[in-house]
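> with the sequence up front, the predicted model follows.
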Amino acid sequence: MKNLLVVGVVGLGLMLGFNAFAQTTLTATVGTATLDGVASSGEWTSDAVTTTRGLTIKAMIDTENLYVLATWPDATRSVAKNSWIFDGTNWNTPEVVNNQGGDEDRVGFVWQMKDEQGQSLTPEGANCTAFCHSPQMRTNGGRVDVWHWKAARFNPAGFTDDKYWDDCDTCGDGGRHGDDGSGSGSRNRNDARTGPKYMAAGDPGANVDFLADDAAVLAAFDPFGVIPGTVAGKVDFDSAATFSVGDMIPGRRVQIPTGNRASVLSAGKWADGAWTVEFSRKLAGEDGPSGPEDFAVVPGGSVEFTTDTMDDVADHAQHPFTGGAADTRVFTLTFPLVTSVESHTGSQIPESYVLSQNFPNPFNPATAIEFDMVEAGWVTLKIYNLIGQEVATLVDGNRHAGQHRVDFNASNLGSGIYVYRLTVNGFTDMKKMAFVK
């Protein structure tokens, strides 16, 4: 099972205004990501856009999913929000100790930034868009699809609140819609809300960040071992146990999310002074009681979005709702017309370069193209119609030696004969294939 993230609404608030409006385009490439919180070399093939707050974004698409990568520098890993801290007498949370919201790293996306007439939300169309627990949320009569990742509230593999606001004007939390289902964590607090309900088995002063129900839940939620500082096992809180000043017990329990809140998957990992968060969502999205709840991913189409990051409590001053400033540009994510899925099919190094005949052929609408590489090199694999017009790029980048396969979906093309052409390390070959709807 992949790591699950629920992208949610900001707790203290995240405002994205349009006082510094500028349009920037990000073009998704064809590819598939592994959600392990690590942007491996060669994994993410698209160009990047970078915000003024240092957030770098990439995107890919295959025949089933949209993938989004968000990376940003952060000298400290802030995951203390909602933890229980022992002061020698009582258990408190950072909100009580600091009289503030506590430390929590976050990244947020607001997708589908259109008003009800389908126009972009510009300074003239909407003075600002905020997604937060405040009365400032506006969508200018339109709908926005919100992703928001929170490192502290649930666990740093991520939590998805895949919500949206519709026709909202200063509606705050009340404007959120979507199937709540269950999140990837639940509060660890007693009925009186004066302390934790559970603690780590056999170690009341573990000072871990997150507490899983048991080893099986942790393994299912975090198969790549993304989550650090986690105890896979809990027991009822023992009030007679001995604790020391500063001991911490996680304020949340890891659990498997359900419903539409689990429709966006992710894994986030902090390492070497930077966060890496990888997202995945089905192209079709989710439907709710009143219709689609996710923005449309249409091959050849696009979606507008804006985004921001938030660090610990000191960083709140950088956001517009407290008089600060954030990168408020609206970006456009464009999708390739035809998508494909690429895989490495064998460990043997071939003796010669080979481009195989696609199978099946004829096909409708999907077929597989395989090729062999003797040495690593830059590969291009493109599709042309019979008058020489390029209609799709399936591969355009470095690949290692070995056997490769690309699954090609031509559902957006018309029936006919097409030519696919492979070029790598001076080797070129082409073959015909027949698409019959």
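Received the coordinates, thanks. Residues are numbered from 1 along each chain as shown.
> shaky segments in the stretch 51-200 of the chain?
Along the stretch 51-200 of the chain, segments meeting pLDDT under 70 span 80-81, 94-103, 113-144, 152-184.
> quick one: the strands in the stretch 251-400 of the chain?
252-254, 264-271, 274-282, 287-288, 291-292, 302-310, 330-334, 339-346, 354-355, 366-373, 377-384, 390-399 (DSSP state E, counting those that start in this stretch).
> kindly report the same for the stretch 1-150 of the chain.
Assigned by DSSP E, counting those that start in this stretch, the strands in the stretch 1-150 of the chain fall at 14-17, 23-27, 29-30, 49-50, 56-61, 65-73, 84-86, 91-92, 106-114, 128-131, 143-150.
> of all the ones you listed, which one comes closest to A215?
Between A215 and these, the shortest gap by Cβ to Cβ is with strand 84-86, which sits at 22.4 Å. C-beta: built from backbone N, CA, C; applies to glycine.
> relative to that closest one, what are the paired strands and their orientations?
Here strand 84-86 is paired, per DSSP bridges, with strand 91-92 (antiparallel), strand 248-249 (antiparallel).
> please enumerate residues in contact with it?
91-94, 97, 188-189, 195-196, 243-251 (Cβ atoms under 8 Å, 6 or more residues apart in numbering).
> which of those count as buried?
Burial by neighbour count, judged by 16 or more other Cβ atoms under 10 Å, picks out 91-94, 188-189, 195-196, 243, 247-251 from the contacts of strand 84-86.
> re the thing from before, most packed of the strands of the stretch 1-150 of the chain?
Of these, the one with the most neighbours on average (mean count of other Cβ atoms under 10 Å) is strand 143-150, at a mean of 27.
> and V217, helix, strand or coil?
Following DSSP: H, G, I helix; E, B strand; the rest coil, V217 is assigned to helix.
> and the helices in the stretch 151-300 of the chain, which stretches?
215-221 (DSSP state H, counting those that start in this stretch).
> contacts only, for A366.
Contact partners of A366, counting by Cβ under 8 Å, 6+ apart, are 63, 407-410.
> hang on, the earlier thing: redo the strands of the stretch 251-400 of the chain as CSV? Include distance to L69 and mean pLDDT.
Listed next are the strands of the stretch 251-400 of the chain as CSV, based on distance: least, Cβ to Cβ, whole Å; pLDDT from 0 to 100:
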stretch, distance to L69, mean pLDDT
strand 252-254, 23, 80
strand 264-271, 10, 83
strand 274-282, 6, 89
strand 287-288, 26, 60
strand 291-292, 24, 60
strand 302-310, 12, 80
strand 330-334, 12, 87
strand 339-346, 17, 67
strand 354-355, 30, 96
strand 366-373, 26, 92
strand 377-384, 22, 92
strand 390-399, 15, 85
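> for the strands paired with strand 84-86, which one sits closest to G225?
Closest among those, once you apply Cβ to Cβ, is strand 248-249, at 21.5 Å.
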